[in-house]
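Undergrad: Structure for the following, please:
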Amino acid sequence: MSSGDSTLIAVAVTDALTRLPPDEAQLLEASHFERLRVARLAEVMGITERAVEGRLRRARERLRRELEPILPTIEGGLP
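TA: This next block holds a predicted model:
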C-alpha cells in the first residue's frame, strides 16, 4: 500500500466516522484509536462486556457500509 493510499484511507475513515451516530463513532474511536479494551469500555459505559462487543460489531458494520463506495478506488481494498 502506498503512502497515498494510507492517506486516502485515513481521510475516508475520518469522514465516515462523522456520518455515524455519535455514540458509535465515539465507541470506535475509544476502541481503535485510544486502544481501550472491552472490559474498560464496559466499565466506563456502565454496561456489560457483551453489550460493548455487540455495539462495536454494529458500529464496525456501519463503518464498513460507509466505506464500501470507496473501497474499489483504494489499491487492494481494505484488509
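Undergrad: And the pLDDT at the closest residue to residue 19 other than its chain neighbours?
TA: Nearest-residue entry for residue 19: residue 66, 5.6 Å, with adjacent residues in sequence omitted and distances by Cβ to Cβ, 6 or more residues apart in numbering. Heads up, the C-betas are built off the backbone N, CA and C, glycines and all. On pLDDT, residue 66 comes in at 94.
Undergrad: tell me, what residue is most central in the chain?
TA: Against the mean C-alpha coordinate of the chain, by Cα atoms, centre = their mean, the closest residue is residue 28 at 4.5 Å.
Undergrad: returning to that earlier point: residue 17 versus the residue nearest to residue 19, what's the distance?
TA: Shown here: residue 66 relative to residue 17, a distance of 8 Å by Cβ to Cβ, to the nearest Å.
Undergrad: again with residue 34
TA: Using Cβ to Cβ, residue 34 is found at 13 Å from residue 17.
Undergrad: Looking at the two, which one has more neighbours?
TA: Here residue 34 and residue 17 are compared on neighbour count by other Cβ atoms under 10 Å; more neighbours surround residue 17, at 18 against 10.
Undergrad: Enumerate the positions of the biggest helix by length in the chain that are buried.
TA: Longest among the helix segments of the chain by residue count, using DSSP state H, is helix 49-67. Across helix 49-67, burial judged by 16 or more other Cβ atoms under 10 Å covers 52, 55, 56, 59, 62, 63, 66, 67.
Undergrad: Stretch 10-26 now?
TA: Burial within stretch 10-26, assessed by neighbour count using 16+ other Cβ under 10 Å, is assigned to 12, 13, 16, 17, 20, 24, 25.
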